[in-house]
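J.: my questions are about this predicted structure, shown below with the sequence.
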Amino acid sequence: MPYVIVARDLAPSDVAVLPHGSVAALLLEESGPTSHTVILARAMGVPAVVGCAGALRVPEGAVVLVDGDTGQVRVAPTAAELARTTGRRAAHGPATYRPGRTADGCPVALLANIGSLRDLPAAVGCGAEGVGLLRTEFLYLGRRARPQVAEQRDAYRTVLDAFPEGQVVVRTLDAGADKPLAFLPPARHEPNPALGVRGVRAYAAHPEILTEQLAALAEAAAGATARLGVMAPMVTTVEEAERFVRACHDAGLPWAGVMVEVPAAALRARDLAEVAEFFSIGTNDLAQFTFAADRQLGGLGPLGDPWHPALLDLVALVAEASARAGRQCCVCGEAAADPALACVFAGLGVTALSMAPAALGAVRRALAGHTLDRCRAAAAAARAATGAQAARAAARALLPALGDA
């Protein structure tokens, strides 16, 4: 029978090896709502409540209700509480699997975030149009040596074959910070690894990592019908983007983009759009860096609220630059899974949303219930607010089809 894991905290590598189907939920005293630990859990369909003071006092063997949607935790819940929770989850199950679009037919591609190959059945089953973020760290975590090209190729081809008529966007290795790798130790102690040598910055010190990964992706793409996109994490400058796009093209990979996680990249997106062939906005890190709030610290979670108008302004800058250059602009952070925020992103000009597979149904329904003009009005109202709560309230007031979603 599935059980609830109660702990002070877990590393992403711990979550990655949890037996499939054996864990009902995570209840952690520490960690933040957009930490990689929580993201991996959600991708596996495991609800998680984090930053829960006193979690370790839950007695072993107790029956616990953990609602990952509301953050509610109940020890020894009543039958009525269980019925309300399970009834709400059933009511918000996946909708008919059709392409994402607004009520007036504006397409917004709905894609899945994938943390390992075992996430594929859920993505296909929930009607994803493809993969907007394949986190390749699952091939590297917990190993003493980097994976060989052939192993990588086979894994990538499995994902491509799962979406023969869709797109698959792969993020190249994003190691460091809370995802350390034994075979890639930092050259020196980093007092703040989230701001250290990670993502695209690490490729200069370890060029073989990127070379092998791009070679594996090119081999996997040969003969595949899915459109393969490759993007670099933690891009800050045009020069970094140029080097990455050139490396992809040299490897035979024609669709190369960048993740926008650093405020500088969002502020100068118009320059990056001259080089990058698509954008993917990682709202988790973008919020962390914009608000100077460590996403690993549960107590700072409210400071990283993606509804804050400052973050919406940055998303708008990227979407506007993408539209001018004719580029795809996707949001692949956890914020894309919020049905109301998904409508706001569409109103800002975002053309694709990528999320944990379980969220696809609710987002699909939210978009289908509102015209693009209504989404634009909600986005404008949210940006005009002075804080996250006010922005959320202002947007939701203009999105009547959401109901209690």
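T.: Now that the structure is in, tell me what you want to look at. Numbers count the residues shown, from 1 in each chain.
J.: return the distance of stretch 225-242 from the chain's centre.
T.: Centroid separation between stretch 225-242 and its chain, computed with Cα atoms, centre = their mean, to the nearest Å, is 16 Å.
J.: dump that stretch to CSV, keeping only the CA atoms.
T.: Provided in CSV are the C-alpha atoms of stretch 225-242 (Å, rounded to 0.1, in the frame of the first residue of the first chain):
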residue,chain,number,x,y,z
THR,A,225,9.5,12.4,-36.7
ALA,A,226,9.1,14.5,-33.6
ARG,A,227,10.6,18.0,-33.8
LEU,A,228,13.6,18.2,-31.4
GLY,A,229,14.5,21.4,-29.7
VAL,A,230,17.6,21.7,-27.5
MET,A,231,18.0,24.5,-25.0
ALA,A,232,20.7,25.7,-22.6
PRO,A,233,20.0,26.5,-18.9
MET,A,234,21.1,29.6,-17.1
VAL,A,235,21.9,31.7,-20.1
THR,A,236,22.7,35.3,-19.2
THR,A,237,24.5,36.9,-22.2
VAL,A,238,24.2,37.0,-25.9
GLU,A,239,27.7,35.5,-26.2
GLU,A,240,26.6,32.4,-24.2
ALA,A,241,23.6,32.0,-26.4
GLU,A,242,25.8,32.3,-29.6
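J.: tell me the buried residues in that stretch?
T.: Under the neighbour-count criterion of 16 or more other Cβ atoms under 10 Å, stretch 225-242 has 226-236, 238, 240-241 buried. C-betas here are computed from N, CA, C, even on glycine.
J.: next: stretch 306-318.
T.: In stretch 306-318, counting by 16+ other Cβ under 10 Å, buried: 306, 307, 308, 309, 311, 312, 314, 315, 316, 317, 318.
J.: for those residues, give me JSON lines that also has distance to residue 325, secondary structure and pLDDT.
T.: Listed next are these as JSON lines, based on distance: Cβ to Cβ, whole Å; DSSP: H, G, I helix; E, B strand; the rest coil; pLDDT from 0 to 100:
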{"residue": "306", "distance to residue 325": "24", "secondary structure": "coil", "pLDDT": "96"}
{"residue": "307", "distance to residue 325": "27", "secondary structure": "coil", "pLDDT": "98"}
{"residue": "308", "distance to residue 325": "26", "secondary structure": "coil", "pLDDT": "97"}
{"residue": "309", "distance to residue 325": "25", "secondary structure": "helix", "pLDDT": "98"}
{"residue": "311", "distance to residue 325": "22", "secondary structure": "helix", "pLDDT": "98"}
{"residue": "312", "distance to residue 325": "21", "secondary structure": "helix", "pLDDT": "98"}
{"residue": "314", "distance to residue 325": "17", "secondary structure": "helix", "pLDDT": "98"}
{"residue": "315", "distance to residue 325": "16", "secondary structure": "helix", "pLDDT": "98"}
{"residue": "316", "distance to residue 325": "15", "secondary structure": "helix", "pLDDT": "98"}
{"residue": "317", "distance to residue 325": "13", "secondary structure": "helix", "pLDDT": "98"}
{"residue": "318", "distance to residue 325": "11", "secondary structure": "helix", "pLDDT": "98"}
